[in-house]
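Engineer: Build the 3D model from these lines:
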Amino acid sequence: METRDIVEIQQLMAHYGHLVDAKQWPRLGEIFSDDGIFDVIAYNAGRHEGLPAVIAFFEKASHPPAHHNTNLYVYEEAGAARAWSKYAVPSEGGKMFGGDYKDALVKTASGWRIRERVVTARWPAK
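Structural biologist: The predicted structure is shown next:
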């Protein structure tokens, strides 16, 4: 994978957190591909397939006040771009919880997009 692609993917991940925190749901097409999947089964919140379904989920879901993404590792697997990172989010009560994002990525005419994001819970607030 080219260094430029890795940097663009890192930018995509940062952009995700900013758009979600700003509740700019119509702009999620800047993050997810048209056939994008957002899998939040780990939080009993389902698997949402296709950009319209992803946007609809974000519009109605309860969101933490901030999303922080760290430890981003971008790699190739079987010829496909992947990313693995950690997230940390505060709860309204001030406790933190987080886990992993496992992403499958696709390069489109508009740049890199997440084709599938699987959210894994690792350390929930207590």
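Engineer: alpha carbons only for contacts and neighbour counts from here, please
Structural biologist: OK.
Engineer: mind listing the helices for the protein?
Structural biologist: Using DSSP state H, the helices of the chain run over residues 3-21, 51-60.
Engineer: Which of these sits closest to residue 35?
Structural biologist: In terms of Cα to Cα, the element of the helices of the chain nearest to residue 35 is helix 51-60, at 5.9 Å.
Engineer: What lies in contact with the closest one?
Structural biologist: 25, 26, 28, 29, 32, 33, 34, 35, 36, 37, 38, 48 (Cα atoms under 8 Å, 6 or more residues apart in numbering).
Engineer: how distant is it from the center of its chain?
Structural biologist: 13 Å (Cα atoms, centre = their mean, to the nearest Å).
Engineer: Please work out the average pLDDT along that helix.
Structural biologist: The pLDDT scores in helix 51-60 average 98.
Engineer: could I have that helix exported to CSV, CA atoms only?
Structural biologist: What follows is helix 51-60, C-alpha atoms only, in CSV (Å, rounded to 0.1, in the frame of the first residue of the first chain):
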residue,chain,number,x,y,z
LEU,A,51,-25.6,4.3,2.9
PRO,A,52,-29.3,5.3,3.3
ALA,A,53,-29.6,2.7,6.1
VAL,A,54,-26.4,3.9,7.8
ILE,A,55,-27.5,7.5,7.7
ALA,A,56,-31.0,6.5,9.1
PHE,A,57,-29.3,4.6,11.9
PHE,A,58,-27.1,7.6,12.9
GLU,A,59,-30.1,10.0,12.7
LYS,A,60,-32.0,8.0,15.4
